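[1] Below: sequence and its predicted model.
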Amino acid sequence: MPELWIRMENDDSNESFCLQCGNPILAMVATCPHCGGNDLEFARETLRVRRIDIGHDNLTVHQARVVLDKEMATSVKNPDDFLVIVHGHGSSGTGGKIKVMVHDYARSMMASKLLKDFIKGEDLTRTSAASRRVSSNYPPIKLLNEWNRRNSGLSIFIF
């Protein structure tokens with residue numbers, strides 16, 4: 001039966017992470033000491049994550065879109081598993097123009113088949129339907145620092 005651990009990129013330690021519960025474990029163990037997990041069929045692989053911040057540099061929506069286009073082109077050429085985009089949540093707390101642009105952009109990229117999926121930061125909880133869908137299809141997302149933080153100031157693109 002394949003092991004279910006993922007080694008984080010640029011990690012020289014002997015630490016991996018359980019795909020079922022997300023807890024760190026020693027790379028050489030066969031069963032997670034936290035949840036007992038060992039029944040998922042995921043091979044050992046590298047989780048590739050890039051993070052960009054377009055929400056804290058006083059960019060206009062147009063400028064943020066130019067940066068996002070550039071980052072998207074890079075990710076399409078050399079795909080990451082996840083692109084975490086910090087866009088801010090707007091001064092009202094209900095959504096700024098850059099956040100709206102990022103969500104519209106993600107839907108457009110999904111329609112063009114350049115993205116597999118995306119999730120809004122406010123949906124990053126264990127209980128939301130969106131996070132259950134995404135974590136079911138892409139279990140490594142549970143290993144991201146942003147998981148279960150419900151941060152409306154970011155979105156995650158999945159390649």
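    Received, thanks.
[2] CA only for contacts and neighbour counts going forward, please
    Fine.
[3] Correct me if wrong, but Val84 is in a helix.
    No. Val84: not assigned to a helix; according to DSSP: H, G, I helix; E, B strand; the rest coil it is strand.
[4] which residues touch it?
    Taking Cα atoms under 8 Å, 6 or more residues apart in numbering, we find Val84 in contact with Val49, Arg50, Arg51, Ile52, Leu154, Ser155, Ile156, Phe157.
[5] Out of these, list just those in strands.
    Val49, Arg50, Arg51, Ile52, Leu154, Ser155, Ile156, Phe157 (DSSP state E).
[6] Hmm, Phe82 and the fourth one touching each other?
    So that's Ile52. No. With contacts counted by Cα atoms under 8 Å, Ile52 stays clear of Phe82, the gap being 11.1 Å.
[7] just to revisit the earlier point, from the contacts of Val84, which two are the most distant?
    Spatially, the most separated pair among the contacts of Val84 is Val49 and Leu154, at 14.1 Å (Cα to Cα).
[8] where's Leu154 relative to Gly37, distance?
    Separation of Leu154 from Gly37 (Cα to Cα, to the nearest Å): 30 Å.
[9] Neighbour count: the two, which is higher?
    Leu154 (26 against 17; other Cα atoms under 10 Å).
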